[in-house]
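Chemist: heads up, no residue letters with this:
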């Protein structure tokens with residue numbers, strides 16, 4: 001077919017620094033760059049609504065543990081990260097990258113699980129809507 005002009009990319013990014021997480025907390029995500037198209041919308045500071053489609057999602061979370069602990073970060077929808085330490089005063093971090101298919105509008109969250117409190121939490125999340133139609 002005829003080559004046309006490439007459509008604009010659709011993306012958004014979120015971040016938080018110096019957060020404190022307790023077991024079962026949804027991670028707070030402050031908008032850094034918003035999506036003006038409405039495909040990626042922060043419903044509140046812990047929920048992001050994605051319009052139907054394919055998305056490339058990448059996130060990184062790091063924390064500080066004052067005592068031996070583990071960290072599991074679980075997206076509401078897909079692949080999570082895990083880190084464990086048996087020493088006091090440890091830092092922990094992890095990252096994940098995955099393609100998500102949302103057949104209908106879908107809510108995205110990140111949840112912290114751990115055997116204890118985590119401090120100094122730092123999170124970066126980038127969501128890119130892919131141009132794939134099916």
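Modeler: Okay, I see it. Computed from a prediction, not measured in an experiment: that's the story for all the values here.

Chemist: contacts, neighbours, all on C-alpha from now
Modeler: Will do.

Chemist: okay but residue 100 is in contact with residue 51, surely?
Modeler: No: assessed by CA atoms under 8 Å, residue 100 is found out of contact with residue 51, at 11.6 Å.

Chemist: all strands of the chain, in order?
Modeler: 10-21, 30-33, 40-42, 48-50, 53-65, 69-75, 81-85, 90-102, 106-108, 110-114, 118-129 (DSSP state E).

Chemist: counting contacts, what elements does the first one pack onto?
Modeler: The criterion is 3 or more CA pairs under 8 Å, 6 or more residues apart in numbering; DSSP states H and E, and the helices and strands that strand 10-21 contacts are strand 30-33, strand 118-129.

Chemist: what's the distance between the first one and the middle of its chain?
Modeler: The one in question is strand 30-33. Computed by CA atoms, centre = their mean, to the nearest Å, the chain-centroid distance of strand 30-33 equals 12 Å.

Chemist: That one pairs with which strands, parallel or anti?
Modeler: The pairing partners recorded for strand 30-33 under DSSP bridges are strand 10-21 (antiparallel).

Chemist: And for the residue nearest to residue 99 when sequence neighbours are not counted, the neighbour number?
Modeler: Sequence neighbours aside, residue 56 is the residue nearest to residue 99 in space, at 4.6 Å (criterion: CA to CA, 6 or more residues apart in numbering). Residue 56: 15 surrounding residues under other CA atoms under 10 Å.
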